[in-house]
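what's the 3D shape of this:
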Amino acid sequence: MSADGGEEENDFRLVLVTCPGDRANEIAGLLVGESLCACVNILSNIRSVYRWQGEVTSDEESLLVMKTMGKIYDRLEARIKEIHPYDVPEIISLRIERGSRSYLEWLSNSIANV
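Below is the predicted model:
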């Protein structure tokens, strides 16, 4: 199985989402439990520096690295917006160009029923 993005069923994605550290496990668990992601890695204690409402601000957050497929991206994004505490959550989707055949098959099978 390739991740060339040529066919929708092979459109594998990494979705990056920052969130407050105390909400990371909850958000990850819901999304994996609802089969919108096959896996979510939580990178804790990152520092984000950004401009918000005209001010430069800095917060400690967690980064969620989600593995999913393009065919359900819209549903995943909508669900993240429903459960995320921020007014404007960071949601960035990156296409996986290549990956281990066995891992990509597992990923596809993990969300195939969605």
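
low-confidence ranges in this structure?
The chain contains residues with pLDDT under 70 at 1-9, 112, 114.

Strands of that one, residue ranges please.
Taking DSSP state E as the test, the strands found in the chain are 12-19, 39-52, 55-69, 91-95.

what comes into contact with the second one?
Just to be clear, that refers to strand 39-52. Residues from elsewhere that reach strand 39-52 (C-beta atoms under 8 Å, 6 or more residues apart in numbering): 18, 21, 24-25, 27-28, 31-32, 56-67, 107, 110. Where C-beta positions appear, they are placed from N, C-alpha and C, glycine not excepted.

As TSV, the strands of the chain with mean neighbour count and distance to E82 would be great.
Below are these laid out as TSV (neighbours: other C-beta atoms under 10 Å; distance: least, C-beta to C-beta, whole Å):
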stretch	mean neighbour count	distance to E82
strand 12-19	20	13
strand 39-52	12	16
strand 55-69	17	15
strand 91-95	13	12
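
Turn the ones you listed into TSV, including distance to I83.
Shown next, in TSV, are these (distance: least, C-beta to C-beta, whole Å):
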stretch	distance to I83
strand 12-19	9
strand 39-52	13
strand 55-69	12
strand 91-95	12
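
With respect to A78, which of the ones you listed lies nearest?
strand 91-95 (10.1 Å; C-beta to C-beta).

partner residues bridging V49?
For V49, the beta-bridge partners are S58 (DSSP bridges).

Tell me the spacing between it and I42.
Remark: distance between V49 and I42 (C-beta to C-beta, to the nearest Å) = 20 Å.

and if you look at R51?
Distance from R51 to I42, counting by C-beta to C-beta: 25 Å.
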